[in-house]
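Chemist: Okay, here's the prediction I keep looking at, along with the sequence it came from:
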Amino acid sequence: MALQQGQQAPDFNLRDSDKQEVKLSDFKGKNVVVLFFPLAFTGVCTAELCSLRDNIAVYNGLDAQVLAISVDSLFTLDKFKKEQGFNFPLLSDFNKDVSAAYGSLYEDFVLGMKGVSKRSAFVIDKEGVVQYAEVLEDAGKIPDFEAVQRTLNQLN
């Protein structure tokens, strides 16, 4: 079951595309937007993350750190980040533990793939509490980033 508003966000320790460990708890005292996306280099995922890249000043202005997570390897995410010029961390949940903990994991995806992150958006406040949660069953849709920004605005 997906995390709900008001719940404590599970801490995680994942590696980013630079092979550095990143923990959610490292950002205590800062709002965090945690995004799960199915697969690097796919059309909708690329468009979603490019939109965030192009609007990162909005999130910075709302005192929010953006973290994007997929089950891709950190090597794949490194290539994806460099090719697209993403200006926020891409984290590898290769073992699928964090996607599962957040209720953001497809058992069955397309083309027989199993264990792929569901496209999801979570706003986690400075105390680690989920203030916005959106888990999409349709991987062709993107989260409501206006609602994400409104939530961040209310937290400031």
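Modeler: Now that the structure is in, tell me what you want to look at. Numbering: from 1, shown residues only.
Chemist: quick one, what contacts residue 96?
Modeler: 71, 105, 115, 117 (CB atoms under 8 Å, 6 or more residues apart in numbering). Bear in mind the C-beta positions are built from the backbone N, C-alpha and C, glycine included.
Chemist: Point out the least confident one among those.
Modeler: Scanning the contacts of residue 96 for pLDDT, the low point is residue 115. It has 85.
Chemist: ok now do residue 7, which residues does it touch?
Modeler: Per CB under 8 Å, 6+ apart, neighbours of residue 7: 129, 130.
Chemist: following the helix or strand of the chain with the lowest mean pLDDT, which helix or strand shows up next?
Modeler: In the chain, no helix or strand scores lower on mean pLDDT, DSSP states H and E than strand 105-108, which sits at a mean of 83. Downstream of strand 105-108, the next assigned helix or strand under DSSP states H and E is strand 114-117.
Chemist: That following strand pairs with which strands?
Modeler: Each strand paired with strand 114-117, and its direction, by DSSP bridges: strand 105-108 (antiparallel).
Chemist: Just the CA trace of the partner strand, in CSV.
Modeler: Taking Å, rounded to 0.1, in the frame of the first residue of the first chain, the C-alpha atoms of strand 105-108 are listed here in CSV:
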residue,chain,number,x,y,z
LEU,A,105,6.3,-0.8,-7.3
TYR,A,106,4.6,-2.6,-10.1
GLU,A,107,4.5,-6.3,-9.7
ASP,A,108,3.9,-6.6,-13.4
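Chemist: what residues does it touch?
Modeler: 38, 96, 99, 114, 115, 116, 117, 118, 139.
Chemist: Throw these into CSV and include distance to residue 145, thanks.
Modeler: Below are the contacts of strand 105-108 laid out as CSV (distance: CB to CB, whole Å):
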residue, distance to residue 145
38, 17
96, 25
99, 20
114, 28
115, 26
116, 21
117, 18
118, 16
139, 16
